[in-house]
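[1] coords below, sequence missing:
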């Protein structure tokens, strides 16, 4: 009985020692960045700035071969000047991403509001960083979609009630002045996208017909709204002859 118990205890002790040895061999390894700091070559770099290909060639002259992929659309990307001392490839690319990061305002769906997006350009890789890692260049830029041309709409403005104090030319002149002031300070592209609407006055019905972008047609609404309540004519009608009033 005692012999059997001793064998069982000895077997348990051997099993525990074996398990402890396996756990000791599986000690948590360092992170990929820490591993890179010990395996990657450290070098000095004076890069005057240029394209991603120029940076790769400059690194290869200092630290040896470098596996790098640069997409065709990023070949002409401009990178800033870099002056590094005792740095690894991983540390260099991490610093490059921070150096090129900048916010860019992008118009959102609501007029006058913007969304801030980050832009950066650097080399990245996947998995543990080793001397044989494959680095790929990425220029993270916000996607800018082409602006659609404003939709053309047609509106009819009855001018019969306004022609007692103004002429059609007076009203059109005020409208065109408003359009001109709207275009001041805008880029040529914006001005072309918002061309002035076409106007035509129909004498028989006294309707002003306008075809164009809604934002420009709103100027006509504002002009007519301003003329109606104020009651001040843009062109004073000539006085009419009549009997001279006498005192009673």
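    All right, it came through fine. These numbers were taken from a predicted model, which means no experiment stands behind them. Numbering: from 1, shown residues only.

[2] neighbouring strands for the longest strand along the chain, and are they parallel or not?
    The single longest strand within the chain, with elements called by DSSP state E, is strand 114-124. Counting by DSSP bridges, the strands paired with strand 114-124 are strand 102-107 (antiparallel), strand 134-140 (antiparallel).

[3] now residue 178: how far from residue 126?
    57 Å (C-beta to C-beta, to the nearest Å). For glycine as for every other residue, the C-beta is placed from the backbone atoms N, C-alpha and C.

[4] Pick out whichever of those two has more residues nearby.
    Neighbour tally, residue 178 and residue 126, criterion other C-beta atoms under 10 Å: the higher count belongs to residue 178, 16 against 9.

[5] So that one is in contact with residue 218, correct?
    No - using C-beta atoms under 8 Å, residue 178 makes no contact with residue 218, being 9.6 Å away.

[6] any idea how this structure splits into domains?
    According to automatic domain parsing, the chain comprises the domains 32-140, 152-230.

[7] any chance of those domains in JSON lines, with mean pLDDT too?
    Output for the domains of the chain, formatted as JSON lines (pLDDT from 0 to 100):
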{"stretch": "domain 32-140", "mean pLDDT": "85"}
{"stretch": "domain 152-230", "mean pLDDT": "82"}
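
[8] Which among the strands paired with strand 114-124 is found nearest to residue 156?
    strand 102-107 (32.3 Å; C-beta to C-beta).

[9] which residues in the protein form helices?
    Secondary structure of the chain by DSSP state H: the helices cover 2-25, 32-39, 52-63, 89-100, 168-183, 188-193, 214-230.

[10] Which positions in the third one come out as buried?
    Of the residues in helix 52-63, those buried under the neighbour-count criterion (16 or more other C-beta atoms under 10 Å) are 52, 55-56, 58-59, 62-63.

[11] next one: the fourth one
    Within helix 89-100, the residues scored as buried using 16+ other C-beta under 10 Å are 89-94, 96-97, 100.

[12] Could you check how far residue 164 is from residue 227?
    Going from residue 164 to residue 227 by C-beta to C-beta gives 11 Å.

[13] can you give me phi and psi for the residue nearest to residue 60 when sequence neighbours are not counted?
    Residue nearest to residue 60 in three dimensions, not counting chain neighbours: residue 66, with 5.3 Å by C-beta to C-beta, 6 or more residues apart in numbering. Main-chain torsions, residue 66, degrees, to the nearest 10: phi -140, psi 120.

[14] Enumerate every residue touching residue 66.
    The contact partners of residue 66, taken as C-beta atoms under 8 Å, 6 or more residues apart in numbering, are 56, 59-60, 89, 135.

[15] Not counting its own residues, what contacts stretch 86-93?
    Residues contacting stretch 86-93 (C-beta under 8 Å, 6+ apart): 33, 36-37, 40-45, 59, 63, 66, 82, 84, 95, 122-124, 129, 135.

[16] What subset of these is buried?
    Of the contacts of stretch 86-93, these count as buried by 16+ other C-beta under 10 Å: 36, 40, 43, 45, 59, 63, 66, 82, 84, 122-123, 129, 135.

[17] so can I have TSV of those showing distance to residue 157?
    Compiled in TSV, the buried ones among the contacts of stretch 86-93 are given as follows (distance: C-beta to C-beta, whole Å):
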residue	distance to residue 157
36	71
40	73
43	74
45	69
59	68
63	73
66	69
82	63
84	68
122	57
123	61
129	69
135	64
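
[18] Is residue 64 in contact with residue 41, as I believe?
    Yes - under the criterion of C-beta under 8 Å, residue 64 makes contact with residue 41 at 6.5 Å.

[19] can you list residues touching both of these two?
    residue 131.

[20] Now do stretch 78-90: distance from first to last residue.
    End-to-end distance for stretch 78-90: 20 Å, by C-alpha to C-alpha, to the nearest Å.
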